[in-house]
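Novice: Sequence and predicted structure below; questions after.
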Amino acid sequence: MKQVDITIQNETGLHARPAKTLVNLVKQFKSDVVIWHGEKKANAKSLISVLTLGASKGSQLSIEVKGEDEETATAEIEAAILSGLGEGESASESQHKAPASPSPKVEETPVESKPVKANMLKGVGAAPGIAIGPVYQFQHQEIPINEMSDGLLLGWEGLQDALARAREQLSKLNHQMTERGLKAEAAIFDAHLGLLEDPELTETVHERIQKGQDALKAWKETIEDSAVVVAALNDPILSARADDLRDVGRRVLKIMVGAEDKADALPDKPVVVVARELSPSDTVSFNKDFVLGFCIVNGGPTSHTAILARALGLPAIVSVDESVLKLETDSYIVINGSDGMVTFNPSPEELQAAEQERNTWLEKRRLALEQANAPAITADGHEVEVVGNAGSLADAEKALKMGAAGIGLLRTEFLFLERTTAPTEAEQYDVYRPIAETMGKLPVIVRTLDVGGDKPLPYIEMQHEENPFLGIRGIRLCLSRPELFREQLRAILRAAQYGNLQIMFPMVGDIEEYRRARLMLDELEIELKVPCIVAGIMIEVPSAALMADVLAKEVDFFSIGTNDLTQYTLAMDRGNSLLSARQDGLHPAVLRLIAKTIEGAHKHGKWAGICGELGSDPYAVPILIGLGIDELSVTVPSVPLVKAQVRDLKYSELQPLAQQALECSTAREVRELVKKTLSM
Ligand code: PEP
Ligand code: MG
């Protein structure tokens, strides 16, 4: 065994990214590596374990390495720690970093979530549709650990059985979601499986059991200790891991106490579930017949609950003021997942109106699906291309069934995340080619890698960034890693020979970035002897929108990423749940940038589309068309609905409406204008 004592050099200690860097390095060796920090001990192949060491700058660590490659492993680990674990040693880099703290509690009431009428609240619509029914205040059932542990000492064996059963359940859930083509949802349960395999988790429990604790308590406390530490790391990706840990922990506990079939039960009648938060396991375990919709205090539109609610086809509202938690169980509530409005204790008139609205909505959805393949042409003959956003072959297949005229945004990050090495050109080609073949002549716009900053890749060494959203992300990252970028471009160019693939670059801020990327593409086209590919850019940065008329001279098209464009225009972090109710792409400031982008594109005979969430918003569709948008790339389930909506509109009426919207003062005014003008 080799042993080395070392002092942590980097500013943030073994937190978040440096810990990931260390764990990924250690995993490359066969040797077992143990890190001691005072009394605390960590398995260096377990991220959770390393994080729970709580080592900060200046901490003295003792590292023990045992195994066939211990010499090399020790040397490389020591060198990596001494060089700052990819974070650099500059004290100034992170001295202003906010201290690690648990995820912020929602204390500030977002302005827009103040009551609109006395019995109304405004949240954020996360899954469309209208639900009307009695409130069910959902709380997790207490798992009766004390009773069980008094009578029955569950040991290591008992835990192993429970873990095996939990793995079985999670594999089944993962399989079910995959079969239904729900890749993102499947990934949630896959991540839970990964957590169960974290060696440290089980080892810590094992030690506690050996010291005389019973398995139930040992498991519960280990999970909670780890979750608290992980949640406090001020890292959005890892905070989500803390929720996942608690969720998976509960699953195993329930199995151990024999309560797995006792759902955190809902009554045996249909209800609207109101909760502070729901775990993915809660959301899928509810009997769909008894859930009319979800009304949740925490989480944003991209939270697990929102994703799964959309997959289940149930209306959902998130980021609702926490006063909803005080509503009486069985009192009536109406939630509108399309506009985020919650009406509690509705009057008989309000109830009647809501019922009518719900019936109209259901009928609309039925008709839209029936006519999914009809083109999206307004009543006065103006055609808009409605295409889908995809992240996998399954999404593309579903988009086709839903009547999409192509894929307007193929996100490729999923190929690069959650792995320890970059995907090879061949691996990427094997993914892009079937998508190109499936879509045939229809266009598929492949967005090149959009990571970095908030979504770091473990196999790319990156400097610590104070503001990752303003750092090396998107095209900036790709241009700084030309080898990685070329591999992806080659894979896309080769796959493009089997269909109608086009390329777009994310986060482009100025023309130089586009020129450098285009030049690389041109060189590769010559090298591979393939025809010139259509290449456009995403407009997600205000500078690009303002310079659209200049950019349009050189690029083939624009696709406006309103999720990022809104965040950068309004200076509101898109992941900040305190601000999610105010993050509205219909803000006139964002609309003016969209108008400028479309104008710039048309001036040079290019087209402009939207691929952010705004394109699926029924209040935004009329404005965007009125501004002259050529293409709407929307979430796959929204494709038929948006197409149907386009057919109901008149372009000649939308043009003046859009001009009026540009003159509004707030997003709310724009929404009211659309509502009033189009009687929505
Ligand atoms: C956007 O920013 O609007 C967009 C479509 O890209 P992403 O959501 O993947 O950042
Ligand atoms: Mg974006």
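Specialist: Right, received. Where do you want to start? Ligands and ions are numbered 1, 2, ... in the order given.
Novice: Do me a favour and get the end-to-end distance for stretch 525-532?
Specialist: 6 Å (CA to CA, to the nearest Å).
Novice: tell me the phi and psi of Asp32?
Specialist: Torsion angles at Asp32 (phi, psi; degrees, to the nearest 10) stand at phi -80, psi 140.
Novice: whoops, I mixed them up, Asp522
Specialist: The phi/psi pair for Asp522 (degrees, to the nearest 10) reads phi -60, psi -40.
Novice: so what's it closest to, chain neighbours aside?
Specialist: In space, and not counting its chain neighbours, Asp522 is closest to Cys532: 7.5 Å by CB to CB, 6 or more residues apart in numbering. The C-beta positions use only the backbone N, C-alpha and C, and glycine is treated the same way.
Novice: swap in Ser638?
Specialist: In space, Ser638 is closest to Ser616, 4.0 Å off (CB to CB, 6+ apart).
Novice: Now do that neighbour against Lys211, distance only.
Specialist: 54 Å (CB to CB, to the nearest Å).
Novice: now Val257
Specialist: Counting by CB to CB, the gap from Val257 to Lys211 is 21 Å.
Novice: can you pull the pLDDT of the closest residue to Leu410 other than its chain neighbours?
Specialist: The shortest distance from Leu410 to any non-neighbouring residue, by CB to CB, 6+ apart, is to Val446 (4.7 Å). If you check Val446, the pLDDT there is 98.
Novice: part of a strand, is Val446?
Specialist: Yes: counting by DSSP: H, G, I helix; E, B strand; the rest coil, Val446 is part of a strand.
Novice: so the residue nearest to Ser638 sits right up against Thr635, yeah?
Specialist: Yes: at 5.0 Å, Ser616 and Thr635 qualify as touching, with contact defined as CB atoms under 8 Å.
Novice: which SSE is Ile335 in?
Specialist: strand 332-336 (DSSP states H and E).
Novice: So which elements touch the next helix or strand after that strand?
Specialist: Next helix or strand after strand 332-336 toward the C-terminus (DSSP H and E): strand 341-344. The elements that strand 341-344 packs onto, with contact taken as 3 or more CB pairs under 8 Å, 6 or more residues apart in numbering; DSSP states H and E, are strand 120-122, strand 332-336.
Novice: redo that, cut-off 6 Å
Specialist: Contacts defined by 3 or more CB pairs under 6 Å, 6 or more residues apart in numbering; DSSP states H and E place strand 341-344 against strand 332-336.
Novice: thought Arg411 was touching Gly391?
Specialist: Yes: shown here, Arg411 and Gly391 form a contact pair, counting by CB atoms under 6 Å, at 4.7 Å.
Novice: Just give me the neighbour total for Glu203.
Specialist: 16 (other CB atoms under 10 Å).
Novice: Is the residue nearest to Asp522 in a helix, a strand, or coil?
Specialist: Per three-state DSSP, Cys532 ends up coil.
Novice: Could you report the pLDDT at it?
Specialist: Reported pLDDT for Cys532: 97.
Novice: near ligand 1, which residues of this structure?
Specialist: Proximity of the chain to ligand 1 (CB under 6 Å from any ligand atom) is limited to residues Leu409, Arg411, Asp450, Glu540, Gly561, Thr562, Asn563, Asp564, Cys611, Gly612.
Novice: which residues sit in contact with the second one?
Specialist: So the one you mean is Arg411. Gly391, Arg447 (CB atoms under 6 Å, 6 or more residues apart in numbering).
Novice: and it, what pLDDT?
Specialist: Note for Arg411: predicted pLDDT of 92.
Novice: now the helices for the stretch 51-200 of the chain?
Specialist: 70-82, 91-94, 145-151, 156-179, 183-196, 199-210 (DSSP state H, counting those that start in this stretch).
Novice: Just the element for Asp246, please.
Specialist: To be clear, residue 246 is Arg; Asp isn't right here. helix 236-256.
Novice: just so I know, which of the helices of the stretch 51-200 of the chain lies nearest ligand 2?
Specialist: helix 183-196 (16.0 Å; CB to the ion).
Novice: Just the C-alphas of that closest one, formatted as CSV.
Specialist: Taking Å, rounded to 0.1, in the frame of the first residue of the first chain, the C-alpha atoms of helix 183-196 are listed here in CSV:
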residue,chain,number,x,y,z
LYS,A,183,-35.8,9.0,-22.7
ALA,A,184,-35.5,11.9,-20.3
GLU,A,185,-37.8,10.2,-17.8
ALA,A,186,-36.0,6.9,-18.2
ALA,A,187,-32.8,8.8,-17.4
ILE,A,188,-34.2,9.9,-14.0
PHE,A,189,-34.6,6.3,-12.9
ASP,A,190,-31.3,5.3,-14.4
ALA,A,191,-29.6,8.0,-12.3
HIS,A,192,-31.3,6.5,-9.2
LEU,A,193,-29.9,3.1,-10.1
GLY,A,194,-26.4,4.7,-10.4
LEU,A,195,-26.8,6.1,-6.8
LEU,A,196,-27.6,2.7,-5.5
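Novice: pLDDT (mean, whole number) over that helix?
Specialist: 76.
Novice: how much distance is there from that helix to the middle of the chain?
Specialist: 13 Å (CA atoms, centre = their mean, to the nearest Å).
Novice: quick one, domains of this protein?
Specialist: 2-85, 96-140+264-347, 152-256, 376-650 (automatic domain parsing).
Novice: In the stretch 401-550 of the chain, which residue sits nearest ligand 2?
Specialist: Glu540 (4.9 Å).
Novice: and that residue, backbone torsions?
Specialist: According to degrees, to the nearest 10, Glu540 has phi -130, psi -10.
Novice: can I get the domains of the chain in JSON lines with distance to Lys364?
Specialist: What follows is the domains of the chain, written out as JSON lines (distance: least, CB to CB, whole Å):
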{"stretch": "domain 2-85", "distance to Lys364": "45"}
{"stretch": "domain 96-140+264-347", "distance to Lys364": "10"}
{"stretch": "domain 152-256", "distance to Lys364": "24"}
{"stretch": "domain 376-650", "distance to Lys364": "7"}
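Novice: Which of those domains comes out lowest on mean pLDDT?
Specialist: Sorting the domains of the chain by mean pLDDT places domain 96-140+264-347 lowest, at a mean of 78.
Novice: so does that one get close to ligand 2?
Specialist: No: Domain 96-140+264-347 lies out of reach of ligand 2 by CB under 5 Å from the ion, never closer than 11.9 Å.
Novice: Smallest gap between the stretch 251-400 of the chain and ligand 1, at which residue?
Specialist: Asn389 (7.1 Å; CB to the nearest ligand atom).
Novice: who's in contact with that residue?
Specialist: Leu409, Ser633, Thr635.
Novice: Tell me how far the residue nearest to Met1 when sequence neighbours are not counted lies from ligand 2.
Specialist: Distances taken as CB to CB, 6+ apart put Lys66 closest to Met1, at 4.2 Å, once the chain neighbours are dropped. Lys66 sits at a distance of 45 Å from ligand 2 (criterion: CB to the ion, to the nearest Å).
Novice: Perfect, I'm done here.
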